[in-house]
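Student: Structure here, sequence nowhere to be found:
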């Protein structure tokens, strides 16, 4: 298996540290509303990777977190006059339901930030002890200047990165790029007791603490959307490696491209989003999944009704082929050509092309043995995707 590693900017042969138990962490949703279809691309694509890793290695520890401590959640709870759990429980359940509709299997581990506050506090304490973090006006901040490797994932000048990111300007920061690990909570906000007073964690530290708690200090694969590369993933690397004595945090970084809508990035702030919750009720969910896999995961994908309709028609033809073979007994077998395509940095467009080729052969052949083999490969290919 070969995967493109965003950290090294090249395709590399993948071998896990433990051949029997690869580890993978995928950034999950912040549960304050329904997710849009762009948020589903990562779970769908990296779910295909999870299945592939299990076939290759016989096991996998796959964690996809739930972010249930966040200022957007606080704002939604305040607006509705309910505790944050009323918001997070509702939308976490909706997220699981919507992902299941898209054929996304649950991860092995689904850690929630609220259940890991003790681990978060312990990590922040280690960072302070080792000189990588400091307390200021009730906040604890990571000192980016203390980590020589800062910027190695995004590979850009720090000033350029900060200019392109929404970085909070605050007088208590020693450096504009320093980021919050812990912040104080007023009585009207959720808060936890800590050595720095009642407060709550920053977003970045949550993932570092949850990944370490469940997968260890060094993980094989960390994945997420390319929009998370900076600052979120960059900050995860800095705080994790500094907290763990310089040990590599993630050996492979995988980033999926964004969905666009009419050529513009799909974004809640822009308002050009389509919610998965609505789409799975308006269209066959399998067609939505097919559409999400139709472009290589690292490339942008322009989302449209035409793409969904084209995917639906393609699936109709595939199911038509299976109906024509309804009297043929066959055992599903994943074809080698499908595995080869997926081993090549999850080349799902090539795998879907192979699926179409297999279906074409199944329609053309008249030999009973060949029909059984073609049907088995067609069913197996569907299982792999």
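Tutor: Sure, I can see it. Just so it is clear, the model here is predicted, and its values are computed rather than measured.

Student: which stretches of the stretch 201-350 of the chain form strands?
Tutor: For the stretch 201-350 of the chain, the strands defined by DSSP state E, counting those that start in this stretch cover 219-225, 250-256, 259-261, 264-265, 301-303.

Student: mean confidence for the fourth one?
Tutor: Put plainly, it is strand 264-265. Per-residue pLDDT values over strand 264-265 give a mean of 75.

Student: Going forward, the N-terminal residue is numbered 438.
Tutor: OK, 438 is where the count begins now, so the last one is strand 701-702.

Student: neighbouring contacts of that strand?
Tutor: Contacts with strand 701-702, where a contact means CB atoms under 8 Å, 6 or more residues apart in numbering, come from 695, 696, 707, 709. The way it works is simple: take the backbone N, C-alpha and C, and place the C-beta from them, glycine included.

Student: so what strands line up beside it?
Tutor: Under the criterion DSSP bridges, strand 701-702 sits next to strand 696-698 (antiparallel) in its sheet.

Student: Check the offset of the strand it pairs with from the chain's centre.
Tutor: Distance of strand 696-698 from the chain centroid (CA atoms, centre = their mean, to the nearest Å) equals 17 Å.

Student: do the same with stretch 725-735
Tutor: 14 Å.

Student: List the contacts of that stretch.
Tutor: 441, 474, 477-478, 481-482, 485, 539-540, 663, 691-694, 713, 716-717, 738, 740, 744-745, 747-748, 751-752, 782-786, 788-789, 822.

Student: buried stuff in that stretch?
Tutor: Buried residues in stretch 725-735, counted by 16 or more other CB atoms under 10 Å: 725, 726, 727, 728, 729, 730, 732, 733, 734.

Student: if you average pLDDT over stretch 461-468, what comes out?
Tutor: When pLDDT is averaged over stretch 461-468, the result is 98.

Student: Could you say which helix or strand holds residue 525?
Tutor: Assessed by DSSP states H and E, residue 525 sits inside helix 521-538.

Student: where does this structure have low pLDDT?
Tutor: 594-606, 705-706 (pLDDT under 70).

Student: What are the boundaries of the strands in the stretch 438-587 of the chain?
Tutor: Along the stretch 438-587 of the chain, counting by DSSP E, counting those that start in this stretch, strands occupy 439-442, 447-450, 460-463, 498-501, 570-573, 576-579.

Student: hang on, the earlier thing: nearest to residue 561, of the buried residues of stretch 725-735?
Tutor: residue 734 (33.5 Å; CB to CB).

Student: which phi and psi does that closest one have?
Tutor: Backbone geometry at residue 734, expressed as degrees, to the nearest 10, gives phi -60, psi -30.

Student: any idea how far residue 493 is from it?
Tutor: Going from residue 734 to residue 493 by CB to CB, to the nearest Å gives 18 Å.

Student: Determine which stretch of the strands of the stretch 438-587 of the chain is the most buried.
Tutor: strand 460-463 (a mean of 26; mean count of other CB atoms under 10 Å).

Student: how about the strands of the stretch 638-787 of the chain in JSON lines, adding mean neighbour count and distance to residue 778?
Tutor: Below are the strands of the stretch 638-787 of the chain laid out as JSON lines (neighbours: other CB atoms under 10 Å; distance: least, CB to CB, whole Å):
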{"stretch": "strand 656-662", "mean neighbour count": "24", "distance to residue 778": "19"}
{"stretch": "strand 687-693", "mean neighbour count": "23", "distance to residue 778": "17"}
{"stretch": "strand 696-698", "mean neighbour count": "20", "distance to residue 778": "22"}
{"stretch": "strand 701-702", "mean neighbour count": "12", "distance to residue 778": "28"}
{"stretch": "strand 738-740", "mean neighbour count": "20", "distance to residue 778": "18"}
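
Student: Which among the contacts of strand 701-702 count as buried?
Tutor: 695, 696, 709.

Student: Okay, the first one and residue 683: tell me how far apart.
Tutor: Counting by CB to CB, the separation of residue 695 from residue 683 is 32 Å.

Student: One more: the second one?
Tutor: Here the distance between residue 696 and residue 683 works out to 37 Å (CB to CB).
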